[in-house]
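J.: got a sequence here, can you build the structure:
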Amino acid sequence: MTEAYCMDCMEYMASLPDKAFNLAIVDPPYGDALWGGEKQVWRLVPKIQDGTGSARGSRSTVSRIGGGYASKYGNKIADWDVAPPQEYFDELFRVSENQIIWGGNYFDLPPARCFVVWDKKNISADFSMAMCEYAWTSFNGKNAKLVRCVPQGAKDDIRFHPTQKPVEVYKFCLQYFASPGDKILDTHMGSGSLRIACYEMGFDYVGTEIDQFYFEKEEERFLLHTQQGNLFENEELADLQIQLPL
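T.: Here you go, the predicted model:
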């Protein structure tokens, strides 16, 4: 089962019962992907107009230097690089039994015995891109892990997101931290790499993406990937049928 929704992850999680998912693997905005200026964060303000007293997310006032990525990567990073509030993590821990949070070093999370480091392999110390990335995990009974994978991913990977992670990085996480039958939550789908990894490894998956552009691009990528998979399966079946004795 794989489901994807173009919506605010906070609204989706609010609809869930406690521990609805076995594992959440998330890559939220870190809030400082641009150069200079202050960190962008969400603050909660009253939703006065509907009289419910509920809260909605609002971007705090910040100044930024630099415009981020645009063109082939869609919206500028400044449009969405907003660190989630504490309420996001409270909800994430409520609706999932365990969590893997990429960029955990940017957030106020408990000390972790088990963490994951992604070694990007072909990135030099002098290059502008980070040589590695860190993920916080709730698996304190396990040892820290290191996954080595180039950031470009596979040769035929479709790329449209400036912070796109390779499918192989997520397959590594699923291999070492997920159990058969687990239901996986992805609150920030982005390019949809985790969705593809779950599809290929047989895990139930639900993801949300608030940005319409990235959601539509992710849907195109996932559809193309599944169509190619079905094509290969049909070709293999045809070969087997030809080889069967009459």
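J.: contacts and neighbour counts: CA atoms only from here.
T.: Fine.
J.: I figured residue 81 was touching residue 29, is that so?
T.: Yes - using CA atoms under 8 Å, residue 81 makes contact with residue 29 at a distance of 5.1 Å.
J.: so what pLDDT did residue 221 get?
T.: Listed pLDDT for residue 221 reads 92.
J.: what's the closest non-adjacent residue to residue 3?
T.: residue 206 (4.7 Å; CA to CA, 6 or more residues apart in numbering).
J.: what helix or strand is that neighbour located in?
T.: Counting by DSSP states H and E, the element that carries residue 206 is strand 204-208.
J.: doesn't residue 217 belong to a helix?
T.: Yes - inclusion of residue 217 in a helix is indicated when DSSP: H, G, I helix; E, B strand; the rest coil is applied.
J.: might one say that it is in contact with residue 191?
T.: Yes - at 7.4 Å, residue 217 counts as touching residue 191 under the criterion of CA under 8 Å.
J.: of the two, who's got more company?
T.: The neighbour comparison of residue 217 against residue 191 (other CA atoms under 10 Å) goes to residue 191, with 27 against 19.
J.: please list all residues in contact with that one.
T.: 159, 160, 161, 164, 165, 214, 215, 217, 218 (CA atoms under 8 Å, 6 or more residues apart in numbering).
J.: so can I have TSV of the residues you listed showing pLDDT and distance to residue 171?
T.: Listed next are these as TSV, based on pLDDT from 0 to 100; distance: CA to CA, whole Å:
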residue	pLDDT	distance to residue 171
159	70	18
160	65	20
161	73	19
164	81	14
165	91	11
214	90	21
215	94	21
217	92	21
218	93	18
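J.: most neighbours, which of those?
T.: For the contacts of residue 191, neighbours were counted using other CA under 10 Å, and residue 218 has the most, 25 neighbours in all.
J.: quick one: the strands in the protein?
T.: Ranges of strands in the chain, per DSSP state E, are 2-5, 21-26, 42-46, 55-59, 96-102, 115-119, 132-137, 145-148, 183-186, 204-208.
J.: CSV for those strands, including mean pLDDT and mean neighbour count?
T.: Rendered in CSV, the data for the strands of the chain read as follows (pLDDT from 0 to 100; neighbours: other CA atoms under 10 Å):
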stretch, mean pLDDT, mean neighbour count
strand 2-5, 97, 15
strand 21-26, 98, 23
strand 42-46, 41, 15
strand 55-59, 39, 14
strand 96-102, 98, 21
strand 115-119, 95, 20
strand 132-137, 95, 20
strand 145-148, 96, 15
strand 183-186, 98, 24
strand 204-208, 98, 22
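J.: mind putting those strands into TSV with distance to residue 86?
T.: TSV is the format used below for those (distance: least, CA to CA, whole Å):
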stretch	distance to residue 86
strand 2-5	23
strand 21-26	15
strand 42-46	9
strand 55-59	12
strand 96-102	14
strand 115-119	20
strand 132-137	15
strand 145-148	26
strand 183-186	17
strand 204-208	19
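J.: fine, thanks again, bye for now.
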